[in-house]
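Chemist: Return atomic coordinates for the entry below.
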Amino acid sequence: MNLKVTTRALIGSLVACASTVAAGPTAPTHAYIIEGSGFFGAPGIELASIGRVNLSDPSDVERFPIAGEFLRYGGADTAGDGLIAFENTTNSLRVIDPSLGGNTLVDSIGYMDSGVAGLSLGNDGRTTFITTTVGAFVRFVVADAVTGEVLSVHNILTNPISSLAVVPVGHPTLTAGDLYGLALTFGGGVRLVRIDLDTNSIASELFVSGVGFSAQFETGLNFAPDGTLYATIQGYDEVSPDVFVEISSHLFTINPATGVGTDLGVIESDQTWDAVTLVVDTGVVITECIADLTGDGTLDFFDIAAFLTAFASGDMIADFFDDGSLDFFDISTFLTLFSDGCP
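Modeler: Residues are numbered from 1 along each chain as shown. Predicted coordinates for the structure are as follows:
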């Protein structure tokens, strides 16, 4: 048997399978938000309140049970059928079920100070990136979302970074796995930055235009499965010397190529949501589905592309046969699992 020819044939079968499913993910309709700061004492909202905002009409917010008493969430992302979140007062990873409220402690990760914070889950569904500002630098902790084990710690001298987002597999213009964040300048400006943890540096940055007020405290940032970059930005206006008026969180889309922000409107028009974490809701309950390499709950061309990329680059995530090598058996196993579909 010619292994190279057979492997090529199996890859052809994978691509053929992909033609029977949707060409790509659909645009999301909603996002989860979590209240993260009580600085302005916004009426009617408690710390750790959870909502689900309509991305077409940000004033339309469905409320969920609170995610815990006296907690301050500084970032979250989808994890299974719930959310993995960083709680900044106890420096811990916690799992939140939006429908039930409350939280389940994963573990404390240490290394952090209370302040602006962000979290994003990697495309492998397990590696968690967390940030807070510590003195004159920004600290990043990479941790295991399941166990809470700290994998690495990084410090970067830059403006405070208040939210994180990982580029999803299949993004039309950006490199999958790259880490982005929103950095706030002390003058209230916002920068979209690309973070390189290999060199502990800011690889690129763009001024975010179109905000229209001075940004403050936490923001939210998340890529939708279709590649759209959404953000929540909260802030203030100084109406007279030392007299400030709160600006409740606005929902934006940001063009990652130009930094142009489009204001979609205020989240709930009565100014009650400030400093909120943003988690785009794909509308899919994630179940155990090994071939779902993109983690979006469906099997489609993007999972095949992710497998082929990993296989070609020698990434052991493609070791579906689990024998420590990449060969015909991994492709065959992936093909079988892909054909079986998700539960």
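
Chemist: So what sits opposite Arg194 in the bridge?
Modeler: Tyr180, Ser204 (DSSP bridges).

Chemist: Before we move on, what's the pLDDT of it?
Modeler: The model reports Arg194 with a pLDDT of 97.

Chemist: Report how many residues lie close to it.
Modeler: 18 (other C-beta atoms under 10 Å). Where you see a C-beta, it was placed from the backbone N, CA and C, and this is true even at glycine.

Chemist: now Asp60
Modeler: With other C-beta under 10 Å as criterion, Asp60 counts 16.

Chemist: And for Phe207?
Modeler: 14.

Chemist: One more: the one 4 residues further on?
Modeler: For Val211, the tally of surrounding residues (other C-beta under 10 Å) stands at 20.

Chemist: Now for it: which residues touch it?
Modeler: For Val211, the contacting residues are Gly189, Val190, Ile233, Gly235, His250, Phe252, Gly261, Asp263, by C-beta atoms under 8 Å, 6 or more residues apart in numbering.

Chemist: I'd guess the fourth one is in a helix, am I close?
Modeler: No: counting by DSSP: H, G, I helix; E, B strand; the rest coil, Gly235 is not part of a helix but strand.

Chemist: I'd say it and Phe213 touch.
Modeler: Yes: Gly235 lies in contact with Phe213 (C-beta atoms under 8 Å); the separation is 4.6 Å.

Chemist: Tell me which of those two has more neighbours.
Modeler: Between Gly235 and Phe213, counting by other C-beta under 10 Å, Gly235 is the more crowded of the two (24 against 16).

Chemist: Let me know the pLDDT of that one.
Modeler: The model's pLDDT for Gly235 equals 84.

Chemist: do the same with Gly187
Modeler: In this model, Gly187 carries a pLDDT of 77.

Chemist: can you check Ile130 too?
Modeler: pLDDT at Ile130 comes out at 94.

Chemist: Leu264 should be in a strand, yeah?
Modeler: Yes: counting by three-state DSSP, Leu264 is found in a strand.

Chemist: what about it, how many residues close to it?
Modeler: Neighbour tally, Leu264, other C-beta under 10 Å: 19.

Chemist: just use 29 as the starting number from now, easier for me
Modeler: From this message on, residue numbering opens at 29, which makes the last subject Leu292.

Chemist: quick one: it and Leu83, what's the gap?
Modeler: 7 Å (C-beta to C-beta, to the nearest Å).

Chemist: And for Val169?
Modeler: The value you get for Val169 to Leu83, if C-beta to C-beta is used, is 30 Å.

Chemist: Between those two, tell me which one has more neighbours.
Modeler: Neighbours were counted for Val169 and for Leu83 using other C-beta under 10 Å; Val169 has more, 22 against 19.

Chemist: Highest neighbour count among the contacts of Val239?
Modeler: Ile261 (32 neighbours).

Chemist: Would you mind listing the residues in contact with that residue?
Modeler: Per C-beta under 8 Å, 6+ apart, neighbours of Ile261: Leu210, Val218, Val239, Ala243, Thr247, Ser277, His278, Phe280, Gly289.

Chemist: So which of these are in strands?
Modeler: Those of those mapping onto strands are Leu210, Val218, Ala243, Ser277, His278, Phe280, Gly289, per DSSP state E.

Chemist: correct me, but the fifth one touches Gly248?
Modeler: No: between His278 and Gly248 there is no contact under C-beta under 8 Å: 10.7 Å.

Chemist: If you count neighbours, what's buried in the strand or helix carrying Val169?
Modeler: Using DSSP states H and E, Val169 falls within strand 165-172. Buried residues in strand 165-172, counted by 16 or more other C-beta atoms under 10 Å: Val166, Arg167, Phe168, Val169, Val170, Ala171, Asp172.

Chemist: one step back: need the residues touching each of Leu292 and Leu83.
Modeler: In contact with both Leu292 and Leu83: Leu279, using C-beta under 8 Å, 6+ apart.

Chemist: Tell me, how many residues neighbour the nearest residue in space to Asn131 that is not next to it in sequence?
Modeler: Spatial nearest neighbour of Asn131, excluding adjacent residues (C-beta to C-beta, 6 or more residues apart in numbering): Arg122 at 4.1 Å. Neighbourhood size, Arg122 [other C-beta under 10 Å]: 24.

Chemist: I appreciate the help and will end here.
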